[in-house]
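In: structure, please.
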Amino acid sequence: MNGEGYQFVELGKKRRVTVRDFKGSTLIDIREYYGTDGDEKPGKKGISLSVEQWRTLMQASEAIDRLL
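Out: Residues are numbered from 1 along each chain as shown. Reported below is the predicted structural model:
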């Protein structure tokens, strides 16, 4: 859990996915973080997806995998 009380999934060093609420909407935030361990802060590099956009991305994941 991060400092704001949201759960997150680590994607690697200094990258994580966080599900959070913002102005009444649920967002999936994929972002790079900076700072020392235990005092990480969100950076500008990242994207926030709506639940609809996240579901669209997940539905396209097999097609994306084939492109890799």
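In: for Leu11, what are phi and psi?
Out: In terms of degrees, to the nearest 10, the main-chain angles of Leu11 are phi -100, psi -10.
In: now swap in Tyr33 and tell me
Out: Per-residue torsions, Tyr33: phi -120, psi 160 (degrees, to the nearest 10).
In: quickly list what it is bridged to.
Out: Judged by DSSP bridges, the bridge partners of Tyr33 are Pro42.
In: mind naming the longest helix for the chain?
Out: helix 51-59 (DSSP state H).
In: how about that helix: buried residues?
Out: Neighbour counts over helix 51-59 (16 or more other CB atoms under 10 Å) mark Trp54 as buried. Backbone N, C-alpha and C define where each C-beta goes, glycine included.
In: quick one: distance of that helix to the chain centre.
Out: From the chain centre to the centre of helix 51-59 is a distance of 13 Å (CA atoms, centre = their mean, to the nearest Å).
In: who's in contact with the residue lying closest to Gly43 once chain neighbours are set aside?
Out: In space, and not counting its chain neighbours, Gly43 is closest to Glu32: 4.6 Å by CB to CB, 6 or more residues apart in numbering. Contacts for Glu32 (CB atoms under 8 Å, 6 or more residues apart in numbering) come out as 14-15, 42-43, 45-46.
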